[in-house]
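**Q** sharing a model prediction with you, sequence too.
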Amino acid sequence: MTSESPLLQYNLGPGAEAFSTRRDSVLPYPVIQGHQVHGFRVGLVDRPDMTKDELSGYDALVTSLPGCAIGVHTADCVPILLYNAQRRVVAAIHSGWKGTVQRISQKVLFVLKQEYGGRPEEIRAVIGPAIGPDSFQVGEEVVQFFKEQNFPLDDIWSFRPGRSGIPMADGHHIDLFKANRWLLEEAGVPAANIQVAGIDSYTDTSFFSARREGLSCGRTISFIRLV
């Protein structure tokens, strides 16, 4: 990953290019996005002129169209970009805590296998900027959701007792980076094929954060295309 330009660029190997925008970034070309609802539906992009209305209700997009950029928009949720060089197919995933609990990334891997014959071990993945474990303070009910779905709580959950008065510092915390990496690895994606940007959108003000700025703030766009 490099950070010299306003765009955060990822190296997923030859044949694809992938980026996340920063606050002042300008998209280099049009990016197809869905109307996200914090669900787990996966949309197939089979035309370069598909609209957001056509993709309403989809939190993940998949395409094999060369030159057709697909993306997701986030402001603390986790963006995940996937590339299968052998099958020439890419995916963009919006995985907030609700999408993570619903295992949306694993559903995308299933679609890639069903539609394109792609195997998880062929996937290269990047987990982009999102709210980090030190900032993602949650209620006990959210921890329970992860527990019920058999996530490895010893790895992804922590409790910080006390009343420090520091925003987001105390109480229950979930590591969404680790949770989503675990989902990919559990589905068969090799650990060595997964990059994690490790950028906390809550503390890094070059990225948008709904927790820091409010829900009406802008959005980071993470996108990928075949070249």
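**A** Yes, it's here.
**Q** drop to CA atoms for contacts and neighbour counts, all remaining ones
**A** Fine.
**Q** give the buried residues for the longest helix along the chain.
**A** In the chain, assigned by DSSP state H, the helix with the most residues is helix 104-116. Using 16 or more other C-alpha atoms under 10 Å as the burial criterion, the residues of helix 104-116 that qualify are 104, 105, 106, 107, 108, 109, 110, 111, 112.
**Q** residues in contact with residue 65?
**A** Under the criterion of C-alpha atoms under 8 Å, 6 or more residues apart in numbering, the neighbours of residue 65 are 45, 46, 47, 48, 89, 226.
**Q** distance of it from residue 41?
**A** 20 Å (C-alpha to C-alpha, to the nearest Å).
**Q** where are the low-confidence patches of this structure?
**A** 1-5, 163-165 (pLDDT under 70).
**Q** residues contacting the spatially most central residue of it?
**A** Nearest to the mean C-alpha position of the chain, by C-alpha atoms, centre = their mean, lies residue 79 at 1.8 Å. By C-alpha under 8 Å, 6+ apart, residue 79 lies in contact with 72, 73, 92, 93, 94, 95, 127, 128, 129, 130, 222.
**Q** at 7 Å what do you get?
**A** Counting by C-alpha atoms under 7 Å, 6 or more residues apart in numbering, residue 79 touches 72, 93, 94, 95, 127, 128, 222.
**Q** residue 194 now?
**A** Residue 194 neighbours (C-alpha under 7 Å, 6+ apart): 124, 125, 126.
**Q** which of the three states applies to the last one?
**A** In other words, residue 126. Secondary structure state of residue 126, per DSSP: H, G, I helix; E, B strand; the rest coil, is strand.
**Q** isn't it right up against residue 90?
**A** No - using C-alpha atoms under 7 Å as the test, residue 126 is too far from residue 90 to be in contact (11.6 Å).
**Q** which of those two has more neighbours?
**A** Per other C-alpha atoms under 10 Å, whichever of residue 126 and residue 90 has more neighbours is residue 90, with 30 against 23.
**Q** the helices in the chain, which residues?
**A** So, for the chain - with DSSP H - the helices run 97-101, 104-116, 140-148, 153-156, 176-186, 210-213.
**Q** gap between the fifth one and the chain center?
**A** I take that to be helix 176-186. Here helix 176-186 is found 11 Å from its chain centre; the criterion is C-alpha atoms, centre = their mean, to the nearest Å.
**Q** buried stuff in it?
**A** The neighbour-count check on helix 176-186 (16+ other C-alpha under 10 Å) flags 176, 177, 178, 179, 180, 181, 182, 183, 184, 185 as buried.
**Q** ok so, going back, overlap in contacts, residue 126 and residue 90.
**A** residue 82.
**Q** the chain: strands as residue ranges?
**A** Secondary structure of the chain, counting by DSSP state E: strands at 7-10, 16-21, 32-33, 42-44, 60-63, 70-74, 78-84, 89-95, 123-127, 137-138, 157-160, 171-174, 194-196, 220-226.
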